[in-house]
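S.K.: Turn this into a model:
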Amino acid sequence: MNTPAAPRRSRKSLLRVAVPLSAVVAALVLAPLPAAVAASTPPPTQAGTVRIHDIRGTTRLSPLAGQTIAGVPGIVIGTRTYGSSKGFWIQDPNPDHNPATSEGVFVYTGSTPTVAVGDSVLVTGTVSQYYPDYAGGSQSITELTKPGVTVVSSGNALPAPVVISGADVPGRYAPPSDGGSIEGLTLHPDRYALDFYASLQGMRVEVKDTRVVGPTDAYSELWVETDKGDQKSARGGALYESYREPNSGRLQIQSLIPLAQQAFPKANVGDVLTGTTVGPLDYNQFGGYTLVATQLGALKDNGLQREIAPPAKDDQASIATYNVENLAPTDSAAKFSGLAQGIVTNLRSPDVVALEEIQDNSGAANDGTVDASATVAKLVAAIQAAGGPAYQWRSINPVDGQDGGQPGGNIRQVFLFNPQRISFTDIPGGDSTTAVGVTGTGDDTALTASPGRIDPANAAWTASRKPLVGQFSFRGKKLFVIANHLVAKLGDQSIDSRFQPPARSSEVQRIQQADVENSFVSQLLAADPQAEVVSLGDYNDFQFSPALAALTKGDVLRDLVNELPETQQYTYDYEGNSEVLDHILVSPAIDSAKYDVVHINSEFATQVSDHEPQVVRIKP
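M.R.: Presented below is the predicted three-dimensional model:
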């Protein structure tokens, strides 16, 4: 699978790790606490002298971390009764006058809390710094743990929520730290978006009439845009345009409301969450700052439609790329038919379709299977059933367990092609470990193997997919097509990391991979400067990234996404960022390219893949 602006993080059940301040500073190896911690502190009988803003302090780390504080007063503003982080939020109704100090804090009970919203409580507990993903660079949450709780009264009015709007959220995203931690820096909520959110973490916040920029996912969460100053995409999203300018107004929405009481809205990008959405401001490893709603606004459908590509002319070869998200024979008929419909109707049955993330015949079962003929055959049959052509296909089985992706899945790239429109030039010799080469010059330039793999033994491809290259013929003209799936962003720090700017460790390998492919394309063009080369697929990186710069250096390829209007430059939606991960690049001899990103997946709550397909129409 792929990982964009911030790395996609697993939804597996994680043990909570509460980190003492000394351990944070020393960066020691941390031992996990039990998933549930029973209250071990006697309930307080009177209010102490320490208030929530004293606990929170003016940085991301509590000045009282590790201490047990007695009788902290507050009003319960929300309870969480699900997941591994059960507990409740309290807020002091009598705030101080320092905008850097939050007046709210989460009380971690480890089991279903017995308090109710509106209760006035006293809490005695140990101040802890909890990192949802310490190793991954997440920020910490100041919490009270091992609590003793006394309910003083019930049915109290809640503190007024802080309204989050574009007028409040700073345009600069994070304080500079040269890659170091920002945790010890004094918060400046008027200067930096991450500081603004940190100063409100644990408090009631409110958004009104906000545009959806990330669709509802399988975990009942969506993303809204609170800052109209962030660059808007052509279809209502928030464009991710550079490392220097993350969209500061994005905010994740979850719900504390039982589904039986109010279903979570099923939203597409461009819809509007109307009215008022209110709840505590949380922080988690699956999106950073999150409004967990105790009151949800109503959804206004903006009528977003799935796009259909323009038709190709008879003398145009149409070549597409589509990441089909770990497609396996065991996937539902609905997924196969949805992918087929996208290829036939929305892409208009391209002459060539380069597929990424085709799994082997046993799917994720780690049983040594590498052949994917059943997976491809099922998709080809679905395409025919949808009215598409009888595609033929070519691919190379990987070595078991050597190409990354879901363990056991052996994902690989596959060429589908319509033999009624274009022919594949089969040249024997290609296998999973043999490097394809170039032979001949001028019009006689050819591959030494078709299909073939580019330098598969190179260390650049360790635990990653190797580019698949094929030689085609369209109306007597040679076309060289390279299907790519570069290494994912796993291990990269997220844009909301405590380290700023966040480290992009996976980028090193993608640059190496881009260099290898650039050398191969340069070899083709040295043999025939007029060679028509199409390089396409899931590059797992942005149009402005060093990896794409390495791939295009020497002007051997040009990235067609840069030729679209700026507001249309995106192929993926991650944490409310509309961004580019998939690309189609062409060699200089191809000067008539008509290129489209066809938006049918990433902006919709219902999708058959997390990527958008793309298609280019060329006249060889």
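S.K.: Please read off the pLDDT at the nearest residue to L158 once chain neighbours are set aside from the model.
M.R.: Nearest residue to L158, sequence neighbours excluded (Cβ to Cβ, 6 or more residues apart in numbering): I77, at 5.6 Å. All C-beta spots, glycine's among them, are computed from the backbone N, C-alpha and C. Turning to I77, the model gives it a pLDDT of 98.
S.K.: Could you count how many residues lie near I77?
M.R.: I77: 24 surrounding residues under other Cβ atoms under 10 Å.
S.K.: Next, give phi and psi for it.
M.R.: When quoted as degrees, to the nearest 10, the phi and psi of I77 stand at phi -110, psi -10.
S.K.: That one reaches E103, doesn't it?
M.R.: No. Look at I77 against E103 with Cβ atoms under 8 Å: they stay out of range, at 10.2 Å.
S.K.: Give me the common contacts of these two.
M.R.: Common contact partners of I77 and E103 (Cβ atoms under 8 Å, 6 or more residues apart in numbering): Q91, P159, M203.
S.K.: I'd assumed V205 was in contact with the second one.
M.R.: No. In this structure, P159 sits apart from V205 without contact. The criterion is Cβ under 8 Å, and the distance is 10.8 Å.
S.K.: Those two - which one has more neighbours?
M.R.: Applying other Cβ under 10 Å to P159 and V205 shows that V205 carries more neighbours, namely 24 against 18.
S.K.: The nearest residue to R504 once chain neighbours are set aside: how many residues sit nearby?
M.R.: Nearest residue to R504, sequence neighbours excluded (Cβ to Cβ, 6+ apart): D492, at 4.9 Å. Neighbour count for D492, taken as other Cβ under 10 Å: 22.
S.K.: now P546
M.R.: Neighbours of P546 using other Cβ under 10 Å come to 15.
S.K.: show me what contacts it?
M.R.: So P546 contacts E507, I511 (Cβ under 8 Å, 6+ apart).
S.K.: how near is it to D515?
M.R.: P546 sits at a distance of 11 Å from D515 (criterion: Cβ to Cβ, to the nearest Å).
S.K.: For Q295, see how far away the residue nearest to L158 is.
M.R.: Going from I77 to Q295 by Cβ to Cβ gives 11 Å.
S.K.: tell me, what's touching the two both at once?
M.R.: When Cβ under 8 Å, 6+ apart defines a contact, the residues bordering I77 and Q295 alike are G279.
S.K.: Need the distance between the two termini of stretch 309-316.
M.R.: 14 Å (Cα to Cα, to the nearest Å).
S.K.: picking that back up, which neighbours do P159 and V205 have in common?
M.R.: Common contact partners of P159 and V205 (Cβ under 8 Å, 6+ apart): none.
S.K.: other SSEs contacting the longest helix anywhere in the chain?
M.R.: Among the elements of the chain assigned as helix by DSSP state H, the one spanning the most residues is helix 507-527. Here helix 507-527 touches strand 438-439, strand 477-485, strand 533-538, helix 546-552, going by 3 or more Cβ pairs under 8 Å, 6 or more residues apart in numbering; DSSP states H and E.
S.K.: Tell me which of these sits nearest to H97.
M.R.: Between H97 and those, the tightest spacing by Cβ to Cβ is seen for helix 546-552, at 45.6 Å.
S.K.: Setting aside sequence neighbours, what's the nearest residue to G338?
M.R.: Here the residue nearest G338, using Cβ to Cβ, 6+ apart, is V608, at 3.5 Å.
S.K.: Closest to P501 out of the shared contacts of I77 and E103?
M.R.: The shortest gap between P501 and any of the shared contacts of I77 and E103 belongs to M203, at 27.3 Å (Cβ to Cβ).
S.K.: Show the pLDDT at the closest one.
M.R.: 98.
S.K.: what's the pLDDT at K228?
M.R.: K228 is assigned 79 on the pLDDT scale.
S.K.: so how many other residues sit close to it?
M.R.: Counted with other Cβ under 10 Å, the neighbours of K228 add up to 11.
S.K.: Repeat that for G387.
M.R.: Residues contacting G387 under the criterion other Cβ under 10 Å number 11.
S.K.: Check whether it really touches V344, as I assumed.
M.R.: Yes. G387 is within contact range of V344, at 5.5 Å (criterion: Cβ under 8 Å).
S.K.: what touches both of these two?
M.R.: Counting by Cβ under 8 Å, 6+ apart, G387 and V344 have no contacts in common.
S.K.: which residues of the stretch 1-150 of the chain score low on pLDDT?
M.R.: By pLDDT under 70, the low-scoring segments of the stretch 1-150 of the chain are 1-40.
S.K.: let's see it at 90
M.R.: For the stretch 1-150 of the chain, the stretches with pLDDT under 90 are 1-41.
S.K.: can you map out the helices along it?
M.R.: With helices called from DSSP state H, counting those that start in this stretch, the stretch 1-150 of the chain shows them at 21-26, 52-56.
S.K.: Packing partners of the shortest one?
M.R.: If I follow you right, that is helix 52-56. In terms of contacts (3+ Cβ pairs under 8 Å, 6+ apart), helix 52-56 is packed against strand 68-80, strand 104-108, strand 141-153.
S.K.: Any regions of the protein where pLDDT drops low?
M.R.: Under the criterion pLDDT under 90, the flagged ranges of the chain are 1-41, 166-168, 227-229, 244-246, 286, 592, 620.
S.K.: ok, back up a step: out of the shared contacts of I77 and E103, who's nearest P258?
M.R.: Q91 (22.0 Å).
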